[in-house]
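[1] heads up, no residue letters with this:
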């Protein structure tokens, strides 16, 4: 997993819960907290940090993942290159499709060892999008938060339903519906 995810997570923890809580989770996780945005790290280290944050804050890990995904969307969006296809996105559905059709492909070109989630699109209309999230990292609630952050970015209101397709959340079906 790219280090930018780790640095963004630690920034979020410090901003929302304070430096003392960040220090506590790093200490309890036996983590030195030294990450660079361009480095690559084991995703299990992030999971461990989320679990420790959950223990300290008494918030469910899924909620913390969702909040993280939603809060980090704009920062990740800002790191994307200015390309014609990105500039043509006018709504959340177009952007979600572009994640699979462009961003994940470019990530693999830049970082051949990367293993981004896979989105398989089931159906789409002007008001609904259904896709499957597949990832060995089992962080579907981060994906949920990113989708919510994307909707906020495009000033859209979405109703999002998640249907587990596997017991470990490595495969989740997302149903997105635009709300008037």
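    Received it, and whenever you're ready, just let me know what you need. Remember, it's a predicted structure, so these values are computed and weren't measured experimentally. Numbers count the residues shown, from 1 in each chain.

[2] so how far is residue 102 from residue 119?
    12 Å (CB to CB, to the nearest Å). Using the backbone N, CA and C atoms, a C-beta is placed for each residue, glycine as well.

[3] Residue 56 too?
    Separation of residue 56 from residue 102 (CB to CB): 38 Å.

[4] residues in contact with residue 131?
    For residue 131, the contact set (CB atoms under 8 Å, 6 or more residues apart in numbering) comprises 96, 119, 120, 121, 122, 173, 174, 176.

[5] my guess is the fourth one is in a strand, correct?
    It refers to residue 121. Yes - assessed with DSSP: H, G, I helix; E, B strand; the rest coil, residue 121 lies in a strand.

[6] So for the closest residue to it other than its chain neighbours, what's the pLDDT?
    Nearest residue to residue 121 in three dimensions, chain neighbours excluded: residue 131, at 4.7 Å (CB to CB, 6 or more residues apart in numbering). Listed pLDDT for residue 131 reads 97.

[7] For the helix or strand hosting residue 131, buried residues please.
    Using DSSP states H and E, residue 131 sits in strand 128-134. Of the residues in strand 128-134, 129, 130, 131, 132, 133 count as buried by neighbour count, 16 or more other CB atoms under 10 Å.

[8] ok, now stretch 28-47?
    For stretch 28-47, the neighbour count (16+ other CB under 10 Å) marks 29, 31, 35, 43, 46, 47 as buried.

[9] is it true that the first one touches residue 48?
    Yes - using CB atoms under 8 Å, residue 29 is in contact with residue 48, at 4.8 Å.

[10] one step back: mind picking the one among the buried residues of stretch 28-47 that's closest to residue 3?
    Distance ranking of the buried residues of stretch 28-47 against residue 3, using CB to CB, places residue 35 first at 4.6 Å.
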